[in-house]
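Trainee: sequence-free structure coming up:
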RNA sequence: GCGAAAUUGGUGAAGUGGUUAACACGCCGGAUUGUGGCUCCGGUAUGCAUGAGUUCGAUCCUCAUAUUUCGCCCCA
């Protein structure tokens, strides 16, 4: 048997419904925020990812899916969304668009050559936004608010927003050096991994799992102490604006993110629910004011975030949240003989084209089996065909809940169903179209 | 890249170095000759992850491979 590649998943059945729901919620909310959907290629020139990401980690060399195409071009399956979006922004000269800043969102699969574990796959789906061409802290606050609001709308409660500032490039550099200087004399008191991190990626020592209780790490200088005046004021604004949006958060100087291009605001949102596993960051992001220039575009400030939808769905499961997913069909058409079958086929098409979800029998089961099938499909109505009745243009329609049965003229069938079956509810933001309040404590705790 | 555990039908699972691998659920059919969900009866073939080895004989023991799960590294 040929099996799926390691770290990949088939999404189908009830799980696929969850994905569709989440995707619909994202699309609906992004429309309200007026972010434009963008779809970029799933593979790009390998250079694109090498340039943006920098050299402090072994991401690029070890953890991407690289291949050479038939034209000898070096290609890489995208490991994240930002690089492609920024490339597209530059290539399509969006910095010249009439409406600025440019607000974009994407939702697609990413590929990382990693060892799978809970919450970590080789093919993953990320939803993210990028805002290019503005550096006011109001943008930072808005970008952070998007995943927070999505999690809330999905019903997730046990989440925590961590935020930090790395400052501008100057502050960041100063901090890095200070950190190396601080750790160097104590290096032998730290774990092996940390000893290696010291020169390669000293910021990562701060969230080491082995040494996290070590006094040396606890007393290490924080990014915040190394912010210059301007960076500090900027960060204070972001905090203030988050407060205005009612977004609970914690300033956590250990949040540093792994990549070189981040500056100023960085944030991560983690799932706090019991049993989530060690990969508990649902999403995160930050400001990358230097990236566009690095990739060959004009100097353009930018900020974005991405959230792994697989982890979001895992969090929904761990918090035992049931999404309001519509299930069942409107009508199941039962038939037995060939003449009825032809009518069933035609009626199914007719009703479908008139907006009803319809199933009929495909496997030649007996009437008893068809009733069972209709129940399994959670059909609201049963349409029972009978050759004799059809001659008089009559069909039997049965409400599968009340079990009441009526004989009606075929010409009235659509009218009848229109009367009895309520319209599919369009996707609502919030529940049952009620007003949504996202502030703490006002939620539906008591419902 | 490193370490640990797991893998039995459509599903949940029990079990053994030796003719037909339990039980349950599900599904299909019948009792009920065109109105079901309960009950009873019958059916559900080739199925013990894959490949090699040990053995008279392997689903069981050994090794390898694959996948899954958990942790480390890394985390975009």
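Mentor: Sure thing, it's come through. Predicted model, so just to flag it, every value in this text is computed and none were measured.

Trainee: drop to CA atoms for contacts and neighbour counts, all remaining ones
Mentor: Will do.

Trainee: what's around residue A:339, how many residues?
Mentor: Close neighbours of residue A:339, defined as other Cα atoms under 10 Å, add up to 13.

Trainee: ugh, typo on my part, it should be residue A:290
Mentor: Each residue near residue A:290 was counted by other Cα under 10 Å, and the total is 21.

Trainee: next: residue A:342.
Mentor: Counted by other Cα under 10 Å, the residues lying close to residue A:342 total 12.

Trainee: ok, the one 5 residues further on next?
Mentor: For residue A:347, the neighbour count with other Cα under 10 Å is 18.

Trainee: residues contacting the helix or strand harbouring it, please?
Mentor: If you go by DSSP states H and E, residue A:347 is part of helix A:338-353. With Cα atoms under 8 Å, 6 or more residues apart in numbering as the test, helix A:338-353 has contacts from A:333-335, A:357-360, A:385-387, A:414.

Trainee: what mean pLDDT does that helix get?
Mentor: Averaging pLDDT along helix A:338-353 gives 94.

Trainee: next secondary structure after it?
Mentor: Per DSSP H and E, the first helix or strand lying C-terminal to helix A:338-353 is strand A:358-360.

Trainee: note down every partner strand of that next one and its orientation.
Mentor: Here strand A:358-360 is paired, per DSSP bridges, with strand A:329-334 (parallel).

Trainee: so which bits of the strand it pairs with are buried?
Mentor: Residues of strand A:329-334 classed as buried by neighbour count (16 or more other Cα atoms under 10 Å): A:329-334.

Trainee: next: stretch A:360-379.
Mentor: Per 16+ other Cα under 10 Å, stretch A:360-379 contains these buried residues: A:360-361, A:370-371, A:373-375, A:377-379.

Trainee: okay, now the residue nearest to residue A:175 when sequence neighbours are not counted: neighbour count?
Mentor: Nearest non-adjacent residue to residue A:175, counting by Cα to Cα, 6 or more residues apart in numbering: residue A:226, 5.7 Å away. When neighbours are counted by other Cα under 10 Å, residue A:226 registers 21.

Trainee: residue A:226 against residue A:176, yeah?
Mentor: No: the criterion here is Cα atoms under 8 Å, and residue A:226 misses it with residue A:176 at 9.4 Å.

Trainee: residues from the stretch 151-300 of chain A in reach of RNA strand B?
Mentor: Selection of the stretch 151-300 of chain A residues close to RNA strand B by Cα under 7 Å from any atom of the strand yields A:193-194, A:196-197, A:201, A:204, A:208-210, A:256-259, A:277-279, A:284-285.

Trainee: again, only this time at 6 Å
Mentor: Residues of the stretch 151-300 of chain A that fall close to RNA strand B, judged by Cα under 6 Å from any atom of the strand: A:193, A:197, A:204, A:208-209, A:257-259, A:277-278.

Trainee: give me the buried entries from those residues.
Mentor: Neighbour counting with 16+ other Cα under 10 Å marks A:197, A:204, A:208, A:257, A:259 as buried within these.

Trainee: and the residues you listed as a markdown table, adding pLDDT, distance to residue A:268 and secondary structure?
Mentor: Shown next, in a markdown table, are those (pLDDT from 0 to 100; distance: Cα to Cα, whole Å; DSSP: H, G, I helix; E, B strand; the rest coil):
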| residue | pLDDT | distance to residue A:268 | secondary structure |
| --- | --- | --- | --- |
| A:197 | 82 | 21 | helix |
| A:204 | 82 | 14 | helix |
| A:208 | 79 | 16 | coil |
| A:257 | 82 | 8 | coil |
| A:259 | 76 | 14 | coil |
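
Trainee: just those residues now: which is nearest RNA strand B?
Mentor: residue A:257 (3.4 Å; Cα to the nearest atom of the strand).

Trainee: what's the helix or strand hosting residue A:310 packed up against?
Mentor: Per DSSP H and E, residue A:310 falls inside helix A:309-318. For helix A:309-318, the packing partners by 3 or more Cα pairs under 8 Å, 6 or more residues apart in numbering; DSSP states H and E come out as strand A:123-132, strand A:281-287.

Trainee: quick one on the thing from earlier: turn the buried residues of strand A:329-334 into JSON lines, including distance to residue A:187.
Mentor: JSON lines is the format used below for the buried residues of strand A:329-334 (distance: Cα to Cα, whole Å):
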{"residue": "A:329", "distance to residue A:187": "65"}
{"residue": "A:330", "distance to residue A:187": "68"}
{"residue": "A:331", "distance to residue A:187": "71"}
{"residue": "A:332", "distance to residue A:187": "71"}
{"residue": "A:333", "distance to residue A:187": "74"}
{"residue": "A:334", "distance to residue A:187": "76"}
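
Trainee: let me have these in JSON lines, extended by distance to RNA strand B.
Mentor: Shown next, in JSON lines, are those (distance: Cα to the nearest atom of the strand, whole Å):
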{"residue": "A:329", "distance to RNA strand B": "13"}
{"residue": "A:330", "distance to RNA strand B": "13"}
{"residue": "A:331", "distance to RNA strand B": "12"}
{"residue": "A:332", "distance to RNA strand B": "10"}
{"residue": "A:333", "distance to RNA strand B": "10"}
{"residue": "A:334", "distance to RNA strand B": "7"}
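
Trainee: show me which pair in the buried ones among the residues of the stretch 151-300 of chain A next to RNA strand B is furthest apart.
Mentor: Farthest-apart pair in those is A:208 and A:259; separation 16.4 Å (Cα to Cα).

Trainee: just give me the closest of the buried ones among the residues of the stretch 151-300 of chain A next to RNA strand B to residue A:221.
Mentor: Minimum distance to residue A:221 across these is 13.2 Å, recorded for residue A:204 (Cα to Cα).

Trainee: pull the contacting residues for the closest one.
Mentor: Residue A:204 sits next to A:197, A:256, A:258 when contact means Cα under 8 Å, 6+ apart.

Trainee: pull out the buried residues from stretch A:194-214.
Mentor: For stretch A:194-214, the neighbour count (16+ other Cα under 10 Å) marks A:194-195, A:197-198, A:201-206, A:208, A:211 as buried.

Trainee: quote the end-to-end distance of it.
Mentor: Taking Cα to Cα, to the nearest Å, stretch A:194-214 runs 12 Å from one end to the other.

Trainee: show me the buried residues of stretch A:360-379 that map onto helices.
Mentor: If you go by DSSP state H, the buried residues of stretch A:360-379 have A:370-371, A:373-375 in helices.
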